[in-house]
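Undergrad: With the sequence up front, the predicted model follows.
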Amino acid sequence: MPGHESYGPGLCAFDQLTTNAVILWADDATDVRWTSERGIGGMPILLKDNIETRDMPTTAGSLALAGNAPGRDAPLVARLREAGAVILGKTNLSEWANIRSSNSTSGWSAVGGLTRNPHALDRNACGSSSGSGAAVAAGLTPAAIGTETDGSITCPAAINGIVGFKPTVGLVSRTHVVPISHSQDTAGPMTRTVEDAAMVLSVIAGTDPLDPATAEADAHKVDYRAALDAGSLNGARIGVMRFAGGYTAETLAVFEQNLQVLRDAGAVLVDITEAPSDEGAMGSAELEVLLYELKHDLNAYLASTRPDQVRTRTLANVIAFNEAEPRELALFGQELFIQAQAKGGLDEAAYVEARATSLRLAGAEGIDKLMREHDLVALVGPTTGPAWTTDVVNGDHYGGAVSTMPAIAGYPHLTVPMGFVKGLPVGMSFIAGRWDDARVLSLGYAFEQLTHAIRAPAFAPTVDTLETVAPLLAPVQ
């Protein structure tokens, strides 16, 4: 972010109230001044409220965790503090990271209420890192940390018109982060620029002895900011995921315009029209894995909290709590929680088979196959469609996505703003293989330097009032 910027609750009351992106501001972060030239030192950062800090509660948006304040920093937070970053506070999220119901309203939590999209306040901010995406887009902070299991960094980043990066699973510690799935969960940066994302990732990446998945992180991490190359698109063979569906014609039109940007930069684009594997089977196996791991991992997390602060010690306790608390189930149910509770342990054949199937279809027979057979360095596609109107009656209305394969495989996935559909942002996704984080960021950076598609939000009540739409709704004079 160029120039001299100020951040903090006293300076951002309008944006804070209209977007409802922040649950809690830190007591010592009322006015923070920072410039991008300072690097991570002094950088204001908001954290999704499923990431523990020593000085604030961590609720995952649930009233069941309203008193959860064990007084410990997640290792990724400790790394940020040690590097000189200023933790501004906690952002709202889709409650329990959007794993409670398949008919949820993204961006809503019982603790924080509904996060609103700053480009049009009646539009959804997507889940589950909705507050992190909206806060960065609204100018409350240059950077926030989100978490993703499948699309929960990339969707809110794209829909709010910012950069979002889901790293290789195992590059960033998940210790003291309220979990869904140890196979797919990861934290990652959500920022206004790819350079800022790379700078934050360079700090939070690394091995954590308490998280076995990160055993190889130190061997693979690099200075991601230094690795950025504005010329990296030149000569790069990139696969275009034509098989990805569900997008509007307008989203695809913006995507086509930006494919030409890649060509003009020297990229060699390879159209891929057929999905590499059975997407239906992959999705079914993924859900089975998530349900099994939710029960196992959440029970382990709850057992690590203080009994005097958190009385819901198991998933079964949380289900009972929700049934007794009217606010929790007033908008949508908890059928996924109930399905997860019915699962057995991780030694059951159904779980073992589902994990092997999902990983094979997304990895070896998915991204790896595409990259090998077409001699590619990366894949691209529209991240998702423009933000839908928030609908608390019928739930979410997603408009296409490319997040599932990299989510299941645990591979890096970057979204960068690529333009607008009737005033609403849409993003382009860059995806590659395991530990190829630096390449993905560099390709996205090169694209960003040519497009600069980020735009300050209008905080419009509805899309109808935006200058690109309002004249079309009025009669001809």
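TA: Structure received.

Undergrad: ok, which stretches of the stretch 301-450 of the chain are strands?
TA: In the stretch 301-450 of the chain, the strands defined using DSSP state E, counting those that start in this stretch lie at 378-382, 413-421, 424-431.

Undergrad: Which elements pack onto the shortest one?
TA: I take that to be strand 378-382. Judged by 3 or more Cβ pairs under 8 Å, 6 or more residues apart in numbering; DSSP states H and E, strand 378-382 is in contact with strand 237-241, helix 249-264, strand 424-431, helix 437-451. For every residue, glycine as well, the C-beta is placed using N, CA and C.

Undergrad: Output the second one in PDB with nothing but the alpha carbons.
TA: Translated: helix 249-264. C-alpha atoms of helix 249-264 as PDB (Å, rounded to 0.1, in the frame of the first residue of the first chain):
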ATOM      1  CA  ALA A 249     -21.200 -15.600 -18.900                       C
ATOM      2  CA  GLU A 250     -20.000 -12.200 -17.600                       C
ATOM      3  CA  THR A 251     -17.400 -13.800 -15.300                       C
ATOM      4  CA  LEU A 252     -16.100 -15.900 -18.100                       C
ATOM      5  CA  ALA A 253     -15.900 -12.800 -20.300                       C
ATOM      6  CA  VAL A 254     -13.700 -11.000 -17.700                       C
ATOM      7  CA  PHE A 255     -11.600 -14.200 -17.500                       C
ATOM      8  CA  GLU A 256     -11.100 -14.300 -21.300                       C
ATOM      9  CA  GLN A 257      -9.900 -10.700 -21.300                       C
ATOM     10  CA  ASN A 258      -7.300 -11.600 -18.600                       C
ATOM     11  CA  LEU A 259      -6.200 -14.700 -20.400                       C
ATOM     12  CA  GLN A 260      -5.100 -12.300 -23.200                       C
ATOM     13  CA  VAL A 261      -3.100 -10.400 -20.600                       C
ATOM     14  CA  LEU A 262      -1.300 -13.600 -19.800                       C
ATOM     15  CA  ARG A 263      -0.600 -14.300 -23.500                       C
ATOM     16  CA  ASP A 264       0.600 -10.800 -24.100                       C
END
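
Undergrad: Residues contacting it, please?
TA: If you take Cβ atoms under 8 Å, 6 or more residues apart in numbering as the criterion, helix 249-264 is touched by 233, 238, 240, 247, 269, 380-382, 385-386, 399-400, 418-422, 426, 428, 447, 450-451.

Undergrad: what about 6 Å?
TA: 233, 382, 385, 418-419, 421, 426, 428, 450 (Cβ atoms under 6 Å, 6 or more residues apart in numbering).

Undergrad: So which bits of that helix are buried?
TA: 250-252, 254-255, 258-259, 261-262 (16 or more other Cβ atoms under 10 Å).

Undergrad: And the shortest one, by the same measure?
TA: Applying a neighbour-count criterion of 16+ other Cβ under 10 Å, one finds 238-241 buried in strand 237-241.

Undergrad: With stretch 23-39 instead?
TA: For stretch 23-39, by 16+ other Cβ under 10 Å, it's 23-26, 29, 32, 34, 36, 39.

Undergrad: Start and end of it, how far apart?
TA: The stretch stretch 23-39 measures 26 Å between its terminal residues, going by Cα to Cα, to the nearest Å.

Undergrad: Also stretch 110-118?
TA: Across stretch 110-118, first to last residue, Cα to Cα, it's 21 Å.

Undergrad: can you list the weak-confidence ranges in the stretch 1-150 of the chain?
TA: 1-6, 8-17, 28-31 (pLDDT under 70).

Undergrad: Do a quick rundown of the helices in the stretch 251-400 of the chain.
TA: Along the stretch 251-400 of the chain, counting by DSSP state H, counting those that start in this stretch, helices occupy 279-304, 315-324, 335-341, 349-359, 368-373.

Undergrad: Against which helices or strands is the longest one packed?
TA: Pointing back at helix 279-304 there. helix 315-324, helix 335-341, helix 349-359 (3 or more Cβ pairs under 6 Å, 6 or more residues apart in numbering; DSSP states H and E).

Undergrad: try it again with 10 Å
TA: When contacts are defined as 3 or more Cβ pairs under 10 Å, 6 or more residues apart in numbering; DSSP states H and E, helix 279-304 packs onto helix 315-324, helix 335-341, helix 349-359, helix 404-409.

Undergrad: At the geometric centre of this protein, which residue sits there?
TA: Ile153 (0.7 Å; Cα atoms, centre = their mean).

Undergrad: Name all residues that make contact with it.
TA: Contact analysis of Ile153 by Cβ atoms under 10 Å, 6 or more residues apart in numbering lists 48, 126, 128-129, 132-133, 144-147, 163-167, 186-190, 403, 407, 413-415.

Undergrad: Repeat that for Leu443.
TA: 194, 228-229, 232-233, 236, 238, 262, 265, 267, 377-378, 380, 414, 416, 430-432, 436.

Undergrad: now the strands for the stretch 1-150 of the chain?
TA: All strands of the stretch 1-150 of the chain, identified by DSSP E, counting those that start in this stretch, fall at 5-7, 22-25, 32-34, 44-48, 86-91, 108-109, 113-114, 143-148.

Undergrad: Could you identify the helix or strand that succeeds the last one?
TA: Read that as strand 143-148. With elements assigned by DSSP states H and E, the helix or strand that comes after strand 143-148 is helix 154-160.
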